[in-house]
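Undergrad: Build me a model:
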Amino acid sequence: QVQLVESGGGLVQAGGSLRLSCAASGRTFSIYTMAWFRQVPGREREFVAGISGSGGRISYADAVKGRFTISRDNAKNTVYLQMNSLKPEDTAVYYCAQGLGRFEFRLQESDFGSWGQGTQVTVSS
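TA: From the prediction side, this is the model:
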């Protein structure tokens with residue numbers, strides 16, 4: 001059974017930075033796409049960033065391009081999201097997710113079968 005545990009959320013002022021981590025266990029980490037999504041109460045969960053199993057393919061939502069960086073350390077079974085130049089509109093619960101298919105790079109929400117519990121990120125103005 002896959003377990004994903006996020007950490008690193010918190011309260012930060014606009015313009016600041018945070019680094020989220022997601023530790024995975026339960027199956028071979030390096031062959032699955034990992035991604036970060038976020039959700040604001042009352043709104044749909046939205047894609048933030050995704051990275052292929054090898055780390056060779058990366059994709060970002062337009063809203064975070066140039067500010068956020070996704071990376072992974074397959075030796076540590078961990079995926080990261082470095083968030084810089086944070087804005088109040090980045091405030092959300094951030095979730096990491098693991099892809100369903102081995103060696104696939106698909107980034108729709110339905111392509112992910114395992115989710116973490118979420119970590120709150122609050123950016124004050």
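
Undergrad: so what's T78 bridging to?
TA: A23, D73 (DSSP bridges).

Undergrad: How many residues are close by S30?
TA: Using other C-beta atoms under 10 Å as the criterion, S30 is surrounded by 13 other residues. In short, each C-beta sits where N, CA and C put it, glycine included.

Undergrad: what about the strands in the protein?
TA: The residue ranges that make up the strands of the chain, judged by DSSP state E, are 3-7, 10-13, 18-25, 34-39, 46-51, 58-60, 68-73, 78-83, 92-99, 112-115, 119-124.

Undergrad: any chance of these in JSON lines, plus mean pLDDT and mean neighbour count?
TA: Rendered in JSON lines, the data for the strands of the chain read as follows (pLDDT from 0 to 100; neighbours: other C-beta atoms under 10 Å):
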{"stretch": "strand 3-7", "mean pLDDT": "96", "mean neighbour count": "17"}
{"stretch": "strand 10-13", "mean pLDDT": "98", "mean neighbour count": "13"}
{"stretch": "strand 18-25", "mean pLDDT": "97", "mean neighbour count": "19"}
{"stretch": "strand 34-39", "mean pLDDT": "98", "mean neighbour count": "24"}
{"stretch": "strand 46-51", "mean pLDDT": "98", "mean neighbour count": "21"}
{"stretch": "strand 58-60", "mean pLDDT": "98", "mean neighbour count": "16"}
{"stretch": "strand 68-73", "mean pLDDT": "98", "mean neighbour count": "18"}
{"stretch": "strand 78-83", "mean pLDDT": "98", "mean neighbour count": "23"}
{"stretch": "strand 92-99", "mean pLDDT": "98", "mean neighbour count": "23"}
{"stretch": "strand 112-115", "mean pLDDT": "96", "mean neighbour count": "17"}
{"stretch": "strand 119-124", "mean pLDDT": "98", "mean neighbour count": "17"}
